[in-house]
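S.K.: After the sequence you'll find the predicted model.
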Amino acid sequence: MADTSDTRTPAQIEADIKRRREVLAETLDEIGVRVHPKTIMGDAKAKVASEIDHTLGRAYVGVNRAVSEVKGRFVDEQGSPRLERIVPAALVVVGVVGLVVLGTRRRGR
């Protein structure tokens with residue numbers, strides 16, 4: 001800390017004032033950068049991008065887990081398809097698609 005006793009010379013006082021002005025100028029420059037609209041927008045964009053990346057990462061992990069679970073139900077440990085599970089699922093899908101097609105044909109008439 002600066003010497004504030006009465007024994008300071010005018011040159012010391014001037015040097016202290018000059019140093020404080022430089023520190024104040026740096027502080028004001030930093031504040032100016034922080035409150036500049038481009039800086040604020042850049043910070044906001046970075047925050048949103050970070051949140052989106054985080055959300056997408058969590059979604060990817062969730063989807064990957066779901067796909068692995070479904071794959072585990074239809075494929076055995078060796079990677080061979082489990083026909084006893086695939087055939088009934090395929091029949092259900094074909095039935096649903098058939099009902100949708102019949103429903104759209106009836107509405108069209």
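M.R.: Thanks, I have it. Numbers count the residues shown, from 1 in each chain.
S.K.: Relative to the whole chain's centre, how far out is stretch 89-109?
M.R.: From the chain centre to the centre of stretch 89-109 is a distance of 40 Å (CA atoms, centre = their mean, to the nearest Å).
S.K.: Next: stretch 7-25.
M.R.: On CA atoms, centre = their mean, the centre of stretch 7-25 falls 47 Å from the chain's centre.
S.K.: Tell me if I am right that residue 7 is in a strand.
M.R.: No: remark: residue 7 does not belong to a strand; assigned using DSSP: H, G, I helix; E, B strand; the rest coil, it is coil.
S.K.: State the pLDDT value of it.
M.R.: Residue 7 carries a pLDDT value of 89.
S.K.: what's the burial count for it?
M.R.: 7 (other CB atoms under 10 Å). Where you see a C-beta, it was placed from the backbone N, CA and C, and this is true even at glycine.
S.K.: For it, give its distance to residue 13.
M.R.: Note on residue 7: its distance to residue 13, by CB to CB, to the nearest Å, is 11 Å.
S.K.: ok, then the element right after the helix or strand containing residue 20?
M.R.: Assigned by DSSP states H and E, residue 20 belongs to helix 10-35. Going down the chain from helix 10-35, the next helix or strand is helix 37-74, by DSSP H and E.
S.K.: and the angle from that following helix to helix 10-35?
M.R.: When axes from the mean of the first three to the mean of the last three CA atoms, to 10 degrees is applied, the directions of helix 37-74 and helix 10-35 differ by 50 degrees.
S.K.: Figure out how far the next helix or strand after helix 37-74 is from the centre of its chain.
M.R.: Next along the chain after helix 37-74, taking DSSP H and E as the criterion, comes helix 83-108. Offset of helix 83-108 from its chain centre (CA atoms, centre = their mean): 39 Å.
S.K.: For helix 83-108, buried residues please.
M.R.: The neighbour-count check on helix 83-108 (16 or more other CB atoms under 10 Å) flags nothing as buried.
S.K.: so that helix versus helix 37-74, what angle?
M.R.: 120 degrees.
S.K.: So which elements touch helix 83-108?
M.R.: helix 37-74 (3 or more CB pairs under 8 Å, 6 or more residues apart in numbering; DSSP states H and E).
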